[in-house]
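# Structural data only, the sequence is not supplied:
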């Protein structure tokens, strides 16, 4: 992983150019009548950085990893055109409920985020917001060749080329789009990684948080969010 | 179609008329008369359905060419009205009072080409690109490949193959 | 040992058995629904694995002290219903803490959980939780109307407010069940049971396609684990409550398991073939036919 020295640090990027009017500093009237100064991005959101939550190795952790692998809850957020391969998994032919994989509607209750296909800058901002709201331990499966090297949209002005510079990826599934059998094989590989204790990319995200944030802020110029969306 | 073209030529200054077949014709008209012609087609000649509004960048001549494609659902014919506007100061009258979906097409052209339609609703809001401060991307002097290589980190080792030669080398390696 | 401590321990053992049976029942019902759709569905041990995963999350966040009230009050509602419903009639170990006025107390405990959920979901700060819980409360209020009418009709019929005495009056063969001696009350109560269990056609409150899961939107980790454990207990306790009132009670664990399965299956059976009602449609429906049947059930006995 290269650390470019001439990349600006993420908290030095000029965020005011595309600031939303509701995020500007302003004065509001408190319930008791006094006027207070409010900076919404700092005062209304939690400012903590993510921490590394290291697993305690031992037989209990092996059992817990087995349980996490057997019950994978996927966030129902189809980011790109690859998400058309996810509904076939619920149909009787490729039934994924047999493997313990269920879809959940909110990031708070899911463990796996499937990035299916290309990510435009607009979707990347929302995907980051959803990913950071998921509780740890969390895993990312990257579907399709657009996440590996840009795929069919490699020379586009609006889609990213390498997903692992913006979000930490556990398993890549190649294809355009990968068939449901390939998706099931990808889930099997993810389960193998979880049971071996090797799917700790969320901790890597916390370790290299500055580098990921600098990459993200380089392309998302209207960053109207806190640094980490708890 | 011939009667229609004759009628239009008698009222407006048409600089060019291309008849592709019996159902499709393209008329080039001056910028000041374009909206009047479109209104005339919509109200008197039954071209009530707007197919699309799109633009072409003729960078060699320094103009944008706007095309309004109008469809007549009663006798199934289509007319394209072409308007040439200047590339440096690209503005055009807005036609959102004729069709409401015109506002969306005009927003797209404003974002992608930089053509301004004063008075169109929500023309300054972000349409698809958020936080874009570079050239409008569909202009031909914007090098999208170079921009992509600089901003989004390309993975080294990526290669493309021509499908015909690749399949030939796979299936008939001895030829 | 002191009698009260042994009774407490027997009740805890009963709670443990009921929790496990509830989880097994829920996975069995999901497998039945999957078979109707031509699939195989989740493995039968999936609810236990889900619970282990939920309780072992490494990071959790809470929105304040009142956020805990949602799952805690739901759990208290479920455990409360379990505590005062006799599971197996005639056996002093499994009769729990039923006493002479427990019919009214159970009606109170049914609503208790929903109210606590309202507090917790509101504190969560998510707008969808608030919409979901307001829908849930309005729907549950109307569900209680035919249920209360049916239970009052039973109280008039048997001249008692104690569940154990109602069960005692139904012993002696199938023909003495309330199902045959007071059919109108049974029909009204079974219709309101469809709403209480929260399956189709009354599952708008928690349907993932409608609103991101409704009231439990912000609950994750241990919170969601407690909510799910409570769901297992609540289904069995509620079904056992109805079994005691209308279907003769259970004189052995096997009878309890069979009857609660069939009562729960009734709501799944209806749910598999019907789409959802909107909240105003379901409120209107509950206040029309089931309420009329409930009122008739009382008038007939006067």
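Everything's here; your move. What you are looking at is a predicted structure, and each value in this text was computed from that prediction instead of being measured.
# Low-confidence stretches in chain A?
For chain A, the stretches with pLDDT under 70 are A:1-16.
# Strands of that one, start to end?
A:26-29, A:35-38, A:72-75, A:101-104, A:112-116, A:139-143, A:171-173 (DSSP state E).
# Report the outermost residue of chain A with respect to its centre.
Using CA atoms, centre = their mean, the residue of chain A lying farthest from its centre is residue A:33. It sits 41.3 Å away.
# Out of the strands of chain A, the one nearest residue B:54 is which?
Residue B:54 sits nearest to strand A:112-116 of all these, at 29.9 Å, using CB to CB. Yep, even glycine has a C-beta here, placed from its N, CA and C like the rest.
# touching chain B at all, the closest one?
No - using CB under 8 Å from any CB of the partner chain, strand A:112-116 stays clear of chain B, with a minimum separation of 14.9 Å.
# ok, and what's touching that strand?
A:72-75, A:77-83, A:85-86, A:101, A:107, A:127, A:130-131, A:134, A:138-144, A:147, A:163, A:167, A:169, A:177, A:190 (CB atoms under 8 Å, 6 or more residues apart in numbering or on different chains).
# switch the cut-off to 7 Å
With CB atoms under 7 Å, 6 or more residues apart in numbering or on different chains as the test, strand A:112-116 has contacts from A:72-75, A:78-80, A:82-83, A:86, A:127, A:130-131, A:134, A:138-144, A:147, A:163.
# try stretch A:124-135
A:75, A:77, A:79, A:107-108, A:110, A:113, A:115, A:119, A:160, A:166-167, A:216, A:220, A:225, A:228-229, C:57, C:59-60, C:220-221.
# And these, which of them are buried?
A:75, A:77, A:79, A:107-108, A:110, A:113, A:115, A:119, A:160, A:166-167, A:216, A:220, A:225, A:228, C:57, C:59, C:220-221 (16 or more other CB atoms under 10 Å in any protein chain shown).
# Out of the contacts of stretch A:124-135, list just those in helices.
Those of those mapping onto helices are A:216, C:221, per DSSP state H.
# Let me see the contact set for residue 152.
By default, I'm working from chain A. So residue A:152 contacts A:146, A:176 (CB under 7 Å, 6+ apart).
# Please refer instead to chain C.
Contacts for residue C:152 (CB under 7 Å, 6+ apart) come out as residue C:298.
# Show residues contacting stretch C:196-203.
By CB under 7 Å, 6+ apart, stretch C:196-203 touches C:139, C:143, C:194-195, C:205-206, C:235, C:238, C:267-268, C:271, C:274-277, C:282.
# Now, of the residues you listed, which are buried?
Of the contacts of stretch C:196-203, these count as buried by 16+ other CB under 10 Å: C:139, C:143, C:194-195, C:205-206, C:235, C:238, C:267-268, C:271, C:276-277, C:282.
# so residue B:8 sits in a helix?
Yes - residue state for residue B:8 (DSSP: H, G, I helix; E, B strand; the rest coil) corresponds to a helix.
# How many residues are close by it?
20 (other CB atoms under 10 Å in any protein chain shown).
# what residues are up against it?
Counting by CB under 7 Å, 6+ apart, residue B:8 has contacts B:14, B:27, B:37.
# Skipping its backbone neighbours, what lies nearest residue C:176 in space?
residue C:170 (5.3 Å; CB to CB, 6 or more residues apart in numbering or on different chains).
# Tell me the spacing between the one you found and chain B.
Counting by CB to the nearest CB, to the nearest Å, the gap between residue C:170 and chain B amounts to 68 Å.
# Test my guess that that residue contacts residue C:179.
No - the criterion here is CB atoms under 7 Å, and residue C:170 misses it with residue C:179 at 9.2 Å.
# When these two are compared, which one has more neighbours?
residue C:170 (24 against 18).
# Next, the contact list for the more buried one, please.
By CB under 7 Å, 6+ apart, the residues touching residue C:170 are C:176-178, C:248-249.
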